[in-house]
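**Q** Return a 3D structure for these sequence lines:
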Amino acid sequence: MGGEKALVALSGGVDSSVAALLLKDAGYEVEGITMQVLPGKGTQIEEAAAVAADLGIIHHVIHLEEDFERAVLERFHDEYLRGRTPNPCVSCNRFIKFGRLREEAVRCGARLFATGHYVRLVTREGAIRLAKGVDAAKDQSYFLALLERGQLQGVAFPLGKMTKEEVRHLAQKRGLPAASHPESQDICFIGEEGYAAFLESRWPMDANGGEICHVNGQVLGRHAGSHRFTIGQRRGLGIAWPEPLYVVGLQGNQVLVGERPHLAVSHLTVEDPVWHVPVSEAPFSCLCRIRYRHREARAVVSPLGERHVEVAFDEPQYGVAPGQAAVFYQEDLVLGGGWIA
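**A** All right, here's what the predicted structure looks like:
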């Protein structure tokens with residue numbers, strides 16, 4: 001460990017700052033690495049550079065705009081056009097941060113690549129496995145569940161055994177400027193205007209809109225583009241009805257709405273699963289999370305060949321959105337995950 005080079009993905013926030021600090025205290029030769037993913041977005045680079053200067057470490061800036069465009073932004077756009085609800089953070093971690101950025105870190109001589117994620121790496125049966133962070137409110141294992149097992153080799157998560165309160169306290173104690181920085185938003189490239197405006201500003205979307213229909217077939221109104229809606233959405237529908245209505249489906253330009261019971265889902269299919277543990281062809285019981293803030297639900301997972309699994313919940317779940325990630329757990333251990341079909 002002593003003297004080994006560790007590159008930390010610096011964002012300029014308190015989490016990556018403390019991750020770098022902890023590795024430096026542990027005796028690593030720490031350097032920072034920051035990815036530029038959007039043209040003209042220099043604030044994060046400047047903040048990360050300031051953190052590196054404060055810690056007295058070398059700082060690398062890696063330009064990944066083209067990679068980010070292909071792997072994250074184009075997928076984000078294409079998924080909305082398909083009537084799905086994408087999760088760009090999961091894609092970014094798999095293809096960009098732990099893909100291209102990590103590759104660049106290795107080229108810079110890193111023996112260890114570290115981030116400020118609240119997750120842990122544990123050893124089970126002689127293999128490295130991904131597990132939840134100890135801070136249940138900040139656990140980010142959902143966002144990393146689709147990493148390939150090889151992407152966890154030579155990686156460190158210094159904050160996995162800490163709470164957010166402990167991280168901020170340490171940053172304040174050591175006088176890090178990032179200690180008072182506010183929490184970053186979930187999707188880094190979406191501004192205050194929202195995701196719909198972002199899509200419309202970059203790509204031609206459907207300007208003609210379509211119908212908003214109740215599941216009983218009744219046309220209730222029109223909309224300005226199906227990309228403005230996601231499964232489970234209640235607000236902003238612009239229609240009157242005796243009971244609260246939710247978006248329950250997107251079929252082309254048609255937005256289907258219904259009362260809350262119509263959101264209930266007992267079964268779903270997950271495509272392109274990534275497994276962190278060996279999985280047999282037999283059905284198995286586990287916990288399943290269908291979105292980041294979702295409380296895991298007990299389910300039985302049945303493999304359907306290499307590319308699909310069927311998930312049967314013990315109790316119906318609400319707000320299942322195709323395009324989101326489904327992540328499987330055994331207590332705190334991540335078993336794997338895939339995309340909701």
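
**Q** what's the domain layout of the chain?
**A** 5-180, 206-258, 264-340 (automatic domain parsing).

**Q** Need those domains in a markdown table (columns: distance to L199, mean pLDDT and mean neighbour count).
**A** Every C-beta, even on glycine, is put in place using the N, C-alpha and C of the backbone. Converted to a markdown table, the domains of the chain look like this (distance: least, C-beta to C-beta, whole Å; pLDDT from 0 to 100; neighbours: other C-beta atoms under 10 Å):
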| stretch | distance to L199 | mean pLDDT | mean neighbour count |
| --- | --- | --- | --- |
| domain 5-180 | 6 | 95 | 19 |
| domain 206-258 | 6 | 91 | 16 |
| domain 264-340 | 14 | 96 | 17 |
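
**Q** Before we go further, D135 is sitting in a helix, right?
**A** No: secondary structure assignment (DSSP: H, G, I helix; E, B strand; the rest coil) places D135 in coil, not in a helix.

**Q** who's in contact with the spatially closest residue to it that is not a sequence neighbour?
**A** With sequence-adjacent residues excluded and distances taken as C-beta to C-beta, 6 or more residues apart in numbering, D135 is closest to T163, at 4.2 Å. Contact partners of T163, counting by C-beta atoms under 8 Å, 6 or more residues apart in numbering, are V134, D135, K138.

**Q** element containing the last one, please.
**A** Okay, so that is K138. Using DSSP states H and E, K138 sits within no helix or strand.

**Q** Look up how far K164 lies from it.
**A** Distance, K138 to K164, by C-beta to C-beta, to the nearest Å: 5 Å.

**Q** Overlap in contacts, these two.
**A** In contact with both K138 and K164: Y118, using C-beta under 8 Å, 6+ apart.

**Q** Next, the contact list for the residue nearest to P316 when sequence neighbours are not counted, please.
**A** Nearest residue to P316 in three dimensions, chain neighbours excluded: A264, at 3.8 Å (C-beta to C-beta, 6+ apart). Neighbouring residues of A264 by C-beta under 8 Å, 6+ apart: P316, Q317, Y318.

**Q** Format the domains of the chain as CSV; extra columns: distance to E200.
**A** Compiled in CSV, the domains of the chain are given as follows (distance: least, C-beta to C-beta, whole Å):
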stretch, distance to E200
domain 5-180, 11
domain 206-258, 8
domain 264-340, 19
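
**Q** Could you point out which of these sits nearest F189?
**A** domain 5-180 (5.8 Å; C-beta to C-beta).

**Q** mind listing the strands for the stretch 51-200 of the chain?
**A** 58-63, 112-114, 119-124, 127-132, 155-156 (DSSP state E, counting those that start in this stretch).

**Q** Nearest to A197, out of the domains of the chain?
**A** Across the domains of the chain, closest to A197 is domain 206-258 (C-beta to C-beta), at 9.5 Å.

**Q** Using a markdown table, lay out the strands of the stretch 51-200 of the chain together with distance to V18.
**A** Shown next, in a markdown table, are the strands of the stretch 51-200 of the chain (distance: least, C-beta to C-beta, whole Å):
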| stretch | distance to V18 |
| --- | --- |
| strand 58-63 | 16 |
| strand 112-114 | 11 |
| strand 119-124 | 15 |
| strand 127-132 | 19 |
| strand 155-156 | 13 |
